[in-house]
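Q: here is a sequence with its predicted model. Questions after.
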Amino acid sequence: VSHLTNIKQEDLLAAPSIDQMTYNIEKYFGEDVVIIGHNIWFDIWFLEKNFPSLCRTYTIDTFDIIWSSIPYLKSYALENIHSHLLARDESYKTIYHYRQADINTWQNKEQSHDALYDSLICCCILQWWISYLGIIFGKYPYLTHLYDKVDNKYIEIISNKESYRQDIHIPILERPIAKN
C-alpha cells in the first residue's frame with residue numbers, strides 16, 4: 001500500500017489510535033452534513049459499513065453531476081474533468097484560480113492520487129456546476145419550475161436561486177499524518 005499512498009510505517013507511529021479516529025469521525029458527522037465527492041460509492045459503502053451510526057443529509061457525487069451535464073467526455077476521471085473544464089470554461093478557470101492557494105498548499109506532486117487535493121478540485125467542480133445551473137435558470141426561468149417538480153436530491157442546493165452566487169465554504173483541512 002505504501003507505493004500507492006506514499007505513507008510509510010514510521011509515519012504511522014504518531015498517528016491517533018483507531019478509537020480516537022472513530023470518535024473524531026463520529027463527532028464530525030451530523031444530520032446536516034452533506035458528503036461531497038467524486039465517484040464516492042465505495043466511500044459511502046465503507047462509512048455505512050464501519051460507522052453505522054453516522055448521519056448525513058445528502059450525498060453529492062460530482063461524477064453523476066458531470067456525467068449528466070457533460071455527456072460527451074471520454075473519461076469521467078476527476079483529473080480529466082478538471083482538465084476539460086480548465087481548457088474550455090472561463091467560469092471554471094476563475095473558480096480554480098480563486099482556489100489556487102488552497103490547491104497549491106495541498107497538492108502532493110509525488111502522488112497521482114491525493115485525497116485532499118482531489119477534494120479541493122471536487123469543490124471547484126461543484127461550485128462550477130452550481131454557477132452553471134444559475135446561468136441556465138437565469139436564461140430559462142421556467143426550467144427552475146420544472147426542475148422543482150423532479151424527485152432529485154440536488155433540488156435543495158439549487159432551490160435557493162441566489163445560492164450559485166455564494167462562495168462554497170471549505171473547512172480547514174488537516175492532514176492526519178505529517179508528511180516529511
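A: Now that the structure is in, tell me what you want to look at.
Q: for residue 11, give its distance to residue 82.
A: As judged by C-beta to C-beta, to the nearest Å, residue 11 and residue 82 stand 28 Å apart. (Each C-beta comes from the backbone N, C-alpha and C, glycine too.)
Q: comparing the two, which residue is more hemmed in?
A: For residue 11 versus residue 82, neighbours defined as other C-beta atoms under 10 Å are more numerous around residue 82 (18 against 15).
Q: need the pLDDT of the more buried one.
A: pLDDT for residue 82: 93.
Q: tell me the contacts of it?
A: Contacts for residue 82 (C-beta atoms under 8 Å, 6 or more residues apart in numbering) come out as 96, 121, 124, 125.
Q: quick one, what contacts the last one?
A: Neighbour list for residue 125: 38, 62, 65, 66, 78, 81, 82, 85, 92 [criterion: C-beta under 8 Å, 6+ apart].
Q: got it, and the first one?
A: Listed by C-beta under 8 Å, 6+ apart, the contact set of residue 96 reads 82, 85, 86, 103, 124.
Q: now with 10 Å?
A: Residue 96 sits next to 82, 85, 86, 89, 103, 120, 121, 124, 125, 127, 128 when contact means C-beta atoms under 10 Å, 6 or more residues apart in numbering.
Q: need the residues you listed in JSON lines with distance to residue 134 and secondary structure, can you?
A: Shown next, in JSON lines, are the contacts of residue 96 (distance: C-beta to C-beta, whole Å; DSSP: H, G, I helix; E, B strand; the rest coil):
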{"residue": "82", "distance to residue 134": "21", "secondary structure": "helix"}
{"residue": "85", "distance to residue 134": "16", "secondary structure": "helix"}
{"residue": "86", "distance to residue 134": "20", "secondary structure": "helix"}
{"residue": "89", "distance to residue 134": "14", "secondary structure": "coil"}
{"residue": "103", "distance to residue 134": "23", "secondary structure": "helix"}
{"residue": "120", "distance to residue 134": "21", "secondary structure": "helix"}
{"residue": "121", "distance to residue 134": "21", "secondary structure": "helix"}
{"residue": "124", "distance to residue 134": "16", "secondary structure": "helix"}
{"residue": "125", "distance to residue 134": "15", "secondary structure": "helix"}
{"residue": "127", "distance to residue 134": "11", "secondary structure": "helix"}
{"residue": "128", "distance to residue 134": "11", "secondary structure": "helix"}
